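In: this is a predicted model, with the sequence first.
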Amino acid sequence: QVQLQESGPGLVKPSQTLSLTCTVSGGSLTTNSYGWHWIRQPPGKGLEWMGRINYSGKTVYSASLKSRTSISRDTSKNQFTLQLSSVTPEDTAVYYCARRFDFTWLDWGQGTQVTVSS
């Protein structure tokens, strides 16, 4: 069974870069056809898809976040990382990593709370 676990700082100051890591166990980032995604949920709002890196390392980002978002991976550690630059309090959210095949969400991490505050 594939498991995903988010990790990173729970508090980030405005204008800094938020960096989160998703560690994958029970499966490989390079397995054909899977996509590895970052999604967030601000308080009182719905889920917002941020971007993904696929099995071949190709990335796609949300148009609204593209200028501030970068997703990368370390296949030796079976981890993929989210970086969100120039954060503001509006980036406060629970951040999730997830695995998807075609249009089916397969596995989610438990989520990690990130608060942007000085």
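Out: That came through fine.
In: so who does residue 97 touch?
Out: 4, 6, 20, 22, 36, 37, 38, 39, 80, 82, 108, 109 (CB atoms under 8 Å, 6 or more residues apart in numbering). For the C-beta atoms, the positions are set from N, CA and C on the backbone; glycine is no exception.
In: just checking: what are the partner strands of the helix or strand hosting it?
Out: Per DSSP states H and E: residue 97 is located in strand 93-101. Partners of strand 93-101 in the sheet, by DSSP bridges, are strand 34-41 (antiparallel), strand 104-108 (antiparallel), strand 112-116 (antiparallel).
In: who's the residue nearest the centre of the chain bridged to?
Out: Geometric centre of the chain, nearest residue: residue 38, 2.8 Å, by CA atoms, centre = their mean. Per DSSP bridges, the residues bridged to residue 38 are residue 51, residue 97.
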